[in-house]
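> Quick check, what structure comes out for this input:
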Amino acid sequence: MTVTRRVSTLFAVLCISTMHLATIAYTQENFRVSYGGYNETAAPMWVGIDKGLFKKYGIDASMIQVRSGALSIAALVSREVEAVWPAQSTILSTVAGGVKLGCVASATNKIPRQLLARKEIKSIEELRGRIIGVQSIGGGFWLQTMIILDHLGVDPDKYGLKMRVIGDGPVIAQALMNGNIDAAALTYSLSEAPLKAGFRSLADAAELKAPYQGPSICALKELVANRQDFFLRVTKGLVEATAYILDTNNKPEVMKTLQKHLRLQKVDEVEASYKVLRLMATLDVAPNPAAYKSVQRIVATVNPKIAQVDIEQIMDSSFVRALESSGFIAEQRKKAR
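A predicted model of the protein is given here:
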């Protein structure tokens, strides 16, 4: 089936389902999604679940946290889940390893991190020969760090940078404070203590406008092809959840979701988390070729096989196109303010 014909078919399905939305009681279908990143990037899914926006379209969604992207993919391959919510580095590594994925939509497009450095490091140029803390080589934390450096024109090899695997975000932040590393790309919440202690912000990633796309709804390519109506409804739920986040009238409810899932204790922590989410969230949910190509180039430096991956075979924009053609996304944009 050609792409044009497929989008037309999805559009027809969407129009029929929209006309009968008020009278159809959807049979709820399971949609288990595994994910590794425990931060605001998962919030569009959390909000969609908590506010019943997936169930509105017959999708009984649940998020299952695992300890890494690799374990998330393992759950997908073994059919323990219907989809994953991985970073693009994980997507590309998985496809390079022989697993065929179809990725349909993502709801975030900015990196909410600051590149922080020790007090005596006053510029990017002074990073030469320094140690930068990361969670793993090839993972999401590493990828975002590399995207920031790449956009700043920093070649880690030419600068003699040493990437040191430390642990998760809080451990890396503490390592920076203790002087065990020289720099790190920390989330806004983890940046607060170092900044108050006098550490320098060399760059705010959200202001760099680097091509980036956060975690995406991805599934086995065969499943996406065989259950098109299902993934169309999944995409509708994600889009509506994102519009809900972007509607400031819903701030109290969105903050409740963030507080619950991120186990935040203080009001200022919840407020900061909400600001981060609002910064990242976007209704431009279609797979972004520029972002994939940027990530492919970076990740291929540690896994040459990734350079051979055909990213066009991963991105499936047909569902988003159908929602755009029907006017659904335009209606959701009206809610965002």
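
> SS state for residue 115?
Under the three-state scheme (DSSP: H, G, I helix; E, B strand; the rest coil), the conformation of residue 115 reads as strand.

> Spit out the contact partners of it.
145, 148, 149, 152, 183, 184, 185, 201, 202, 203, 205 (C-beta atoms under 8 Å, 6 or more residues apart in numbering). In this view, the C-beta of every residue, glycine as well, is placed from N, C-alpha and C.

> Out of the residues you listed, which sit inside strands?
Residues of the contacts of residue 115 located in strands (DSSP state E): 183, 184, 185, 201, 202, 203.

> Columns neighbour count on top of the residues you listed, output as CSV?
Output for the ones in strands among the contacts of residue 115, formatted as CSV (neighbours: other C-beta atoms under 10 Å):
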residue, neighbour count
183, 24
184, 28
185, 27
201, 13
202, 20
203, 19
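
> now, among those residues, which is nearest to residue 52?
Nearest to residue 52 among the ones in strands among the contacts of residue 115, counting by C-beta to C-beta, is residue 185 at 35.5 Å.

> State the distance from that closest one to residue 115.
For residue 185, the distance to residue 115 (C-beta to C-beta, to the nearest Å) stands at 5 Å.

> joint contacts of these two?
145, 148, 205.

> can I assume the second one is in contact with residue 205?
Yes: under the criterion of C-beta atoms under 8 Å, residue 148 lies in contact with residue 205, with a separation of 5.0 Å.

> Touching both of those two, which residues are there?
Contacts common to residue 148 and residue 205, judged by C-beta under 8 Å, 6+ apart, are 111, 113, 115, 185.

> what's across from the third one in the sheet?
Looking back up the chat, that one is residue 115. residue 185, residue 203 (DSSP bridges).

> need the strands for the stretch 151-300 of the chain, in chain order.
162-165, 183-187, 200-204, 216-220 (DSSP state E, counting those that start in this stretch).

> The stretch 1-150 of the chain now?
29-35, 59-65, 83-84, 101-106, 113-117, 131-134.

> most neighbours per residue, which of those strands?
Highest mean neighbour count of the strands of the stretch 1-150 of the chain: strand 83-84, a mean of 29 (counted as mean count of other C-beta atoms under 10 Å).

> So for it, mean pLDDT?
In this model, strand 83-84 has a mean pLDDT of 96.

> And stretch 306-313, by the same measure?
The average pLDDT for stretch 306-313 rounds to 95.

> just stretch 272-291 next, same as before
93.

> gap between the two ends of it?
Terminal residues of stretch 272-291 lie 26 Å apart, using C-alpha to C-alpha, to the nearest Å.

> same thing with stretch 213-222?
23 Å.

> Can you point out the buried residues in it?
For stretch 213-222, the buried set under the neighbour-count rule, 16 or more other C-beta atoms under 10 Å, comprises 213, 214, 215, 216, 217, 218, 219, 220, 221.

> contacting residues around it?
33, 35, 37, 41-42, 76-77, 82-88, 91, 99-109, 231, 234-235, 238, 280, 287-288, 291-292, 313-314.

> What subset of those residues is buried?
Among the contacts of stretch 213-222, the ones that count as buried by 16+ other C-beta under 10 Å are 33, 35, 37, 41-42, 76, 82-88, 91, 101-109, 231, 234-235, 238, 280, 287-288, 291-292, 314.

> Export the contacts of residue 115 as CSV, with columns for distance to residue 166 and pLDDT.
Converted to CSV, the contacts of residue 115 look like this (distance: C-beta to C-beta, whole Å; pLDDT from 0 to 100):
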residue, distance to residue 166, pLDDT
145, 12, 94
148, 17, 94
149, 17, 95
152, 21, 93
183, 12, 97
184, 8, 97
185, 12, 96
201, 19, 96
202, 18, 96
203, 20, 95
205, 19, 90
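
> can you pull out the helices in the stretch 51-200 of the chain?
Under the criterion DSSP state H, counting those that start in this stretch, the stretch 51-200 of the chain contains helices at 69-77, 88-96, 140-151, 169-178, 188-196.

> Distance from the longest helix along the chain to the middle of the chain?
Secondary structure of the chain per DSSP state H: the longest helix is helix 228-246. Helix 228-246 has its C-alpha centroid displaced from the chain centroid by 15 Å (C-alpha atoms, centre = their mean, to the nearest Å).

> and the angle for that helix with strand 101-106?
30 degrees (axes from the mean of the first three to the mean of the last three C-alpha atoms, to 10 degrees).

> Could you number the chain from 55 rather than 1 from now on?
OK, 55 is where the count begins now, so the last one is helix 282-300.

> The residue nearest to residue 265 when sequence neighbours are not counted: how many residues sit nearby?
Once flanking residues are discounted, residue 265 sits nearest to residue 344: 4.1 Å by C-beta to C-beta, 6 or more residues apart in numbering. Applying other C-beta atoms under 10 Å, we find 11 residues neighbouring residue 344.

> any idea how far residue 344 is from residue 105?
For residue 344, the distance to residue 105 - C-beta to C-beta - is 31 Å.
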